[in-house]
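Colleague: Fold the following.
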Amino acid sequence: MRNDCLQELFGSVLSILEQHACVIVPGLGGFVVNESPARFSSEEDTFYPPRREIFFNSLLSHNDGLLVQGYMKRGKSFDEASRCVDEAVSIIQKELESGKTVLAGDWGVLSREGKFFRFVQVRQVLKNRTSFGLQEFYFPKIHQTSSPVSEENVQSLDAKFSFKPLVVGLATVFALLFVVQPLQNEGANNIASLQSATMLMANLNAEVSTKNQQITILQDELDLYQNASEGFYLVLSDFAKLDDARNYMKKYGDVLPEDACVISLKNKFFVSVASSLSKEELQMKKEGLLIEEDLLNKSYILSVTKLPR
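Modeller: Residues are numbered from 1 along each chain as shown. So this is what the prediction gives:
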């Protein structure tokens with residue numbers, strides 16, 4: 001009689017929790033469903049899927065009528081259902097007050113702690129539609145076998161290597177494999193082709209780097225040095241050596257105009273700050289120059305009318 005009464009009560013509770021988030025057992029408390037998300041237990045190294053867990057709150061006392069309705073769905077009248085619930089609750093209260101535990105079917109255990117009742121779920125019984133079929137699984141820690149990469153090491157690598165030239169270089173190497181020697185042979189021939197292409201790529205990179213440096217130097221020289229053409233030049237100073245003229249340009253570079261340059265004529269080098277095909281126009285340019293007065297006072301006009309052949 002006792003076991004049947006309790007089995008019917010907790011069976012009804014479980015059936016109601018499949019459809020509702022809470023069910024009240026009058027005089028005992030309420031069973032509440034909590035949606036628990038997926039989690040990882042670092043202590044057990046185990047992943048747990050989302051689940052619907054059952055909790056118990058003895059402070060819930062309002063009779064929502066769901067439990068009696070559950071009995072009535074099994075063919076009992078309201079009075080019969082209410083009497084069965086009262087009998088089951090009376091049995092549970094007496095056993096808990098005597099210090100015993102009460103089994104809630106095969107899915108939980110009720111006990112008493114002071115003035116309140118305590119419930120522990122011992123088996124997962126409620127189905128979760130969002131994670132149906134998912135099982136918990138064990139995933140052991142992966143132990144580190146090498147020293148970790150620190151931020152300093154990464155910054156050091158970034159400083160040593162430029163990935164953009166590496167990508168361009170690799171693309172060029174593979175292109176050379178198809179241009180320099182068609183991939184008609186197999187095995188050792190392909191390896192030899194790759195080695196040849198790699199060596200060629202290294203030589204090309206070195207040659208391009210050298211030419212780039214030469215081009216940069218020549219461009220700098222062109223900006224400062226040019227052969228004289230016919231016309232008039234406002235000269236600040238002249239030198240027998242090109243290096244001396246360049247040093248003069250560098251020394252006063254901050255105060256010289258942008259079109260200042262070194263011109264060469266009859267094995268002499270002149271620092272010119274303005275030029276024109278007309279002497280009068282050159283004189284006007286001189287008056288508009290923002291150059292230190294002591295430098296400008298030493299200037300003179302160089303006339304180039306017929307260039308030597």
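Colleague: And Ser98, how close does it get to Ile91?
Modeller: Going from Ser98 to Ile91 by Cβ to Cβ, to the nearest Å gives 11 Å. Where you see a C-beta, it was placed from the backbone N, CA and C, and this is true even at glycine.
Colleague: low-confidence ranges in the stretch 51-200 of the chain?
Modeller: Within the stretch 51-200 of the chain, the ranges that satisfy pLDDT under 70 run 130-133, 144-200.
Colleague: about what we covered before: quick one, which of Ser98 and Ile91 is more surrounded?
Modeller: Just comparing Ser98 and Ile91: by other Cβ atoms under 10 Å the higher neighbour count belongs to Ile91, 17 against 8.
Colleague: what's the more buried one in contact with, if anything?
Modeller: Ile91 makes contacts with Arg2, Cys5, Leu6, as judged by Cβ atoms under 8 Å, 6 or more residues apart in numbering.
Colleague: Could you give the secondary structure assignment for the last one?
Modeller: Judged by DSSP: H, G, I helix; E, B strand; the rest coil, the three-state class of Leu6 is helix.
Colleague: give the contact list for Ala38.
Modeller: Applying Cβ under 8 Å, 6+ apart, the residues contacting Ala38 are Phe47, Tyr48, Pro49, Pro50, Ser131.
Colleague: do the same with Ile16
Modeller: Val23, Leu66, Leu67, Gly70.
Colleague: looking at it, the second one is touching Pro26, isn't it?
Modeller: No - using Cβ atoms under 8 Å, Leu66 is not in contact with Pro26; the gap is 10.8 Å.
Colleague: pLDDT on stretch 299-307, on average?
Modeller: Throughout stretch 299-307, pLDDT has a mean value of 80.
Colleague: Which positions within that stretch qualify as buried?
Modeller: For stretch 299-307, a neighbour-count test (16 or more other Cβ atoms under 10 Å) marks Ser299, Leu302, Val304 as buried.
Colleague: Out of the residues you listed, the closest to Leu60 would be?
Modeller: Ser299 (103.4 Å; Cβ to Cβ).
Colleague: Excluding residues flanking it in the chain, which one is nearest that closest one?
Modeller: Spatial nearest neighbour of Ser299, excluding adjacent residues (Cβ to Cβ, 6 or more residues apart in numbering): Leu236 at 5.1 Å.
Colleague: Pick out the one among the contacts of Ile16 with the largest number of neighbours.
Modeller: Leu67 (25 neighbours).
Colleague: How many residues are close by Leu103?
Modeller: Counted with other Cβ under 10 Å, Leu103 comes out at 14.
Colleague: Which secondary structure element is home to it?
Modeller: Assessed by DSSP states H and E, Leu103 sits inside strand 102-104.
Colleague: give me phi/psi at Ser90?
Modeller: phi -60, psi -40 (degrees, to the nearest 10).
Colleague: just to revisit the earlier point, I'd guess the residue nearest to Ser299 is in a helix, am I close?
Modeller: No - applying three-state DSSP, one finds Leu236 to be strand, outside a helix.
Colleague: from what I can see it touches Leu302, true?
Modeller: No - between Leu236 and Leu302 there is no contact under Cβ under 8 Å: 10.6 Å.
Colleague: list the residues that contact both of the two?
Modeller: Common contacts of Leu236 and Leu302 (Cβ under 8 Å, 6+ apart): Ser272.
Colleague: I appreciate the help and will end here.
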